[in-house]
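*Asks:* What follows is a predicted structure for the sequence shown.
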Amino acid sequence: MKDLTFATLIAVWEEMFGQGVFWALVALAALITGLYLYVLIRDRAMSMRKFLWAQLSMPVGAIGAVWFVLAVTSSQLSDMGGPIDWLVLGGIAAVGAVGFAILVYVVQSLVRGPRDG
Amino acid sequence: MARPLTLNASRRAFLGLAAGGAALAASGRGARAERLRTSARIVILGAGAGGTAMANRLANRLEGATITVVDARQQHWYQPGFTLIAAGLKPAGYAVSPTAGWLPRGVEWVPEHAAGLDPVAQTVTTTGGRVLAYDYLIVATGLTLDWDAIEGFSLDLVGRDGVSAHYAGPEYAELSWRELDRFTDRGGVGLFGRPATEMKCAGAPLKITFLAEDIARRKGNRDRVQLTYNAQNQTLFGVPIVHHRVRQLFDERGIAVRHDHVLKAIDPQRREATYATPEGDVTTAYDFINVIPPQRAPQVIRDSGLSWGDRWLDQGWIEVDRQTLRHLRYPNIFGLGDIAGVPKGKTAASVKWHQPVVEDHLVSELAGREGTATFNGYTSCPMITRIGRAMLIEFDYNDNLTPSFPGIIAPLEELWISWLMKEVALKPTYNAMLRGLA
C-alpha cells in the first residue's frame, strides 16, 4: 500500500469482510443512523429517560465490542503491549459503546413511541 | 476504531488520512491514469502474488495489449498465512483460492509451466509446447524449495515422527501443526533453523520458534520442551538491530541458539538431524524438527541465462537493477518478487512495492517516456513473538528501520496492534494488492 487512498481502504474492508457482508454492515449502520435522526426529528427533542437507558447500556456495547475483537483475533487482554494497544482497545470500546447506545435509543423510541420522555 | 491503523501505510499517507477524508476520497479510483493504447505483447511468468498483481495493474493501464500469464498452478497460495496454519490458528483452506478468480478479463491465462525461455529470440516455450513471443517479459516465477538438498528428507515424512515443514504448502502446514501440537503435549527436544541460501520471509523460521515456545507455555508444558534455533551464520536476522532484539527475546524465553549450523540431513527412523558447521558435521537427536530447505530460482530460469554470473551462483536469482528491477542485460525483461536478484526482501510486502515500480517503467516506456519510480529495498516482517503479539519490523536495503507509523507503532516492541496487522489486516491488504488496488 504505497498510497493509502480512500478507495484502497474500501478495497481492504471489502476483502476483510467479503463484499456482501461489508456493504450490508455499511447499510445497517446507515439505517440505524438514519432511524436515529428520524426519531429525533419526529420527537423534536431528546428523551432524557431514553437517553439515560442508552447511557446505562454503553458498558455493554463497550465490553461486547472488545470481546468480539479479541475473540476474532485469537487475542487476550494480557496481549496489550504498549500505549498504542490500549488506545486502540479504548477506541474499539468507545465505538462499541456509542454504537450500542444509539441502537438502544432508537429501539426504545420505535417501540415505545415519542412519550415516556 | 482499529481499522485505519491496521493498514500498512506510509507515514505520508497516514498523515494524509488524518488531515481529511475529503481530499483522500478525491484521490480514489477515479483518479487512475487514462488507459494507454498499445499493441505490445507482454508475457508474465507466474501467477503468484507478483504476477497476478501485475496482470491486474497492466490490464487497468493498457488498452489493446496482449497480456499472457503462464502458470500451471490451479491454486493460489496466500503464503503469509502458512505460519498461522502451522500454529493451529487457521485451517489449510485459509491460504487457498483458485488462481482463475484473481486474473482479470482480457488477460490470457496459459495453465502450463514455462519449459524454455530465450531472451534473445524473445520467446517463452510452455510445457504444452506453445511458443509465446513477447515484447516485454515479467519474470515472477517465485522460487523453488530444494527439498532434495536435505538428505533423508521427503515430503511424505511431514506430519509424522516429529517432522514438520510448513513452507511446503497449506496442507503441509496443517500437518506440521499436528506434529507441533503433539510435541508441545508430550515434550522433548525441538529443532528449528533456516537454510544458508537466500530465502522467502527470513522471519518465518523465527516466528515458528517463538510460537512453539508460546504454545508449550500455554499448555503448561514449557519445562518439558527444549527448543534450539539453528542459525545459518552468526546472526539471527540480517538487520543488526533486529538480530539483537530477537537474541534478547530468545534469551528471555529460554530458546537456545546454535550459530553456523545448517541442516544437511535427517534420519527420520532414529530422529536425528545432521548439521554442517565450520568444525564439521554435528548430529543432534530430536523429538520435533521444522525443516526449511535451501531455496533457488526454478531450473527453467537458471537455464535461460538471466541469472547473475558473479553472485548467488548456486541459487540463480536474475540479474536486475536493484532500484528499477529491470534486467541489466535484457532491458525488456523485469524481475518481480522472489526471483529478483536484489539483496533483500523475498516477501509479499516487497512484492507490493515492486509492482508499482515495474508498472511505472513498463508503461512509461510504452508511452515513450522514461519511468521514474524506484524500489528502496523495503520489506516488512510482522515478527510474531507469541499468539497475540508481534513486532512490526520494516526495513530497507541499508538495514534502516522504516516504520510506517513512526512514534505510534514501535518496530521493536511486542505489540498487540502489530499482531492485528498480521492476523486481520494482512490478508485483505494482500488480496487488494492481487487485484491491483493496493
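*Replies:* Sure thing, it's come through. Numbers count the residues shown, from 1 in each chain, chains lettered A, B, ... in the order given.
*Asks:* In the stretch 251-400 of chain B, mark out all the helices, start to finish.
*Replies:* For the stretch 251-400 of chain B, the helices defined by DSSP state H, counting those that start in this stretch occupy B:299-302, B:348-366.
*Asks:* Go through stretch B:153-164 and flag the buried ones.
*Replies:* B:F153, B:L155, B:L157, B:V158, B:G159, B:G162, B:V163, B:S164 (16 or more other Cβ atoms under 10 Å in any protein chain shown). Backbone N, C-alpha and C define where each C-beta goes, glycine included.
*Asks:* isn't the last one right up against B:I289?
*Replies:* Yes: the pair B:S164 / B:I289 is scored as a contact, 6.9 Å apart, by Cβ atoms under 8 Å.
*Asks:* Tell me which residues touch the residue in the stretch 151-300 of chain B positioned nearest to chain A, please.
*Replies:* Nearest to chain A in the stretch 151-300 of chain B, going by Cβ to the nearest Cβ, is B:R218, at a distance of 10.4 Å. For B:R218, the contacting residues are B:I387, by Cβ atoms under 8 Å, 6 or more residues apart in numbering or on different chains.
*Asks:* what's the distance between it and B:D321?
*Replies:* To B:D321, B:R218 is 47 Å away according to Cβ to Cβ, to the nearest Å.
*Asks:* B:A340 too?
*Replies:* The spacing between B:A340 and B:D321, counted by Cβ to Cβ, is 10 Å.
*Asks:* who's more crowded, those two?
*Replies:* B:A340 (27 against 18; other Cβ atoms under 10 Å in any protein chain shown).
*Asks:* Just the strands from the stretch 251-400 of chain B, written as ranges.
*Replies:* Assigned by DSSP state E, counting those that start in this stretch, the strands in the stretch 251-400 of chain B fall at B:256-258, B:262-267, B:272-276, B:282-285, B:288-290, B:295-296, B:333-335, B:379-386, B:389-395.
*Asks:* Helix, strand or coil: sort out the most centrally placed residue in chain A for me.
*Replies:* With distances taken as Cα atoms, centre = their mean, the residue of chain A nearest its centroid is A:G99 (3.0 Å). Following DSSP: H, G, I helix; E, B strand; the rest coil, the label given to A:G99 is helix.
*Asks:* For the closest residue to it other than its chain neighbours, give me phi and psi.
*Replies:* With Cβ to Cβ, 6 or more residues apart in numbering or on different chains as the criterion, A:G99 has its nearest non-adjacent residue at 6.1 Å, and that residue is A:G61. In terms of degrees, to the nearest 10, the main-chain angles of A:G61 are phi -60, psi -40.
*Asks:* again, but for B:V43
*Replies:* Backbone torsions of B:V43, given as degrees, to the nearest 10, read phi -110, psi 130.
*Asks:* Kindly state the beta-bridge partners for it.
*Replies:* Going by DSSP bridges, B:V43 is paired in beta bridges with B:T68, B:L137.
*Asks:* For B:K200, see how far away the nearest residue to B:G337 once chain neighbours are set aside is.
*Replies:* With sequence-adjacent residues excluded and distances taken as Cβ to Cβ, 6+ apart, B:G337 is closest to B:G50, at 3.5 Å. Per Cβ to Cβ, B:G50 is found 12 Å from B:K200.
*Asks:* returning to what we had before: pull the number of nearby residues for the residue nearest to B:G337.
*Replies:* Counted with other Cβ under 10 Å, B:G50 comes out at 32.
*Asks:* which ones are touching it?
*Replies:* Applying Cβ under 8 Å, 6+ apart, we find B:G50 in contact with B:I138, B:A140, B:G142, B:L336, B:G337, B:D338, B:V351, B:H354, B:Q355.
*Asks:* ok but it is inside a strand, no?
*Replies:* No: judged by three-state DSSP, B:G50 forms no part of a strand; its state is helix.
*Asks:* how much space between it and B:D267?
*Replies:* 38 Å.
*Asks:* Likewise for B:P403?
*Replies:* Applying Cβ to Cβ, the value for B:P403 to B:D267 is 44 Å.
*Asks:* do B:R326 as well
*Replies:* Distance from B:R326 to B:D267, by Cβ to Cβ: 46 Å.
*Asks:* neighbour count winner among the two?
*Replies:* B:R326 (19 against 14).
*Asks:* since we're on B:D185, how many residues are nearby?
*Replies:* With other Cβ under 10 Å as criterion, B:D185 counts 13.
*Asks:* Show the pLDDT at it.
*Replies:* At B:D185, the model reports a pLDDT of 98.
*Asks:* surely it meets B:K219?
*Replies:* Yes: counting by Cβ under 8 Å, B:D185 does reach B:K219; the two are 6.7 Å apart.
*Asks:* ok so, going back, residues in contact with the residue nearest to A:G99?
*Replies:* A:G61 neighbours (Cβ under 8 Å, 6+ apart): A:G96, A:A97, A:V98, A:G99, A:F100, A:A101, A:L103.
*Asks:* ok, the fifth one touching A:Q55?
*Replies:* No: counting by Cβ under 8 Å, A:F100 sits too far from A:Q55 to count as a contact (10.5 Å).
*Asks:* Comparing those two, which shows the higher neighbour count?
*Replies:* Neighbours per residue (other Cβ under 10 Å) separate A:F100 from A:Q55, with A:F100 holding more: 20 against 14.
*Asks:* Can you tell me, leaving aside adjacent residues, what's nearest to the more buried one?
*Replies:* A:F100's closest residue in space is A:G61 (Cβ to Cβ, 6+ apart), at 2.4 Å.
*Asks:* Okay, now the unreliable bits of the chain?
*Replies:* Using chain A here. By pLDDT under 70, the low-scoring segments of chain A are A:1-4, A:116-117.
*Asks:* Hmm, no, I was thinking of chain B.
*Replies:* Applying pLDDT under 70 to chain B flags residues B:1-33.
*Asks:* Spell out which parts of chain A neighbour chain B.
*Replies:* Residues of chain A lying close to chain B (Cβ under 8 Å from any Cβ of the partner chain) are A:1-16, A:69, A:72-76, A:78-82, A:84-85, A:88-89, A:91-92, A:95.
*Asks:* Mark which of these are buried, thanks.
*Replies:* Buried among the residues of chain A next to chain B by 16+ other Cβ under 10 Å: A:1-2, A:4-16, A:69, A:73-75, A:79-82, A:84-85, A:88-89, A:91-92, A:95.
*Asks:* In helices, which of these fall?
*Replies:* Within those, residues falling in helices by DSSP state H are A:6-16, A:69, A:84-85, A:88-89, A:91-92, A:95.
*Asks:* Show me what B:Y275 is bridged to.
*Replies:* Beta-bridge partners, per DSSP bridges, of B:Y275: B:L263, B:V282.
*Asks:* which residues touch it?
*Replies:* Contacts of B:Y275 (Cβ under 8 Å, 6+ apart): B:G193, B:N230, B:R258, B:H261, B:V262, B:L263, B:K264, B:D281, B:V282, B:T283, B:T284.
*Asks:* now swap in B:V300 and tell me
*Replies:* Going by Cβ under 8 Å, 6+ apart, B:V300 touches B:H113, B:A114, B:A115, B:G116, B:L117, B:T141.
*Asks:* Name the residue of the stretch 201-350 of chain B that lies nearest to chain A.
*Replies:* For the stretch 201-350 of chain B, Cβ to the nearest Cβ, closest residue to chain A: B:A349, 9.7 Å.
*Asks:* and the one residue sitting closest to the centre of chain B, what are its phi and psi?
*Replies:* Centroid-nearest residue in chain B, with Cα atoms, centre = their mean: B:T347, separated by 3.0 Å. Dihedral pair for B:T347: phi -140, psi 160, per degrees, to the nearest 10.
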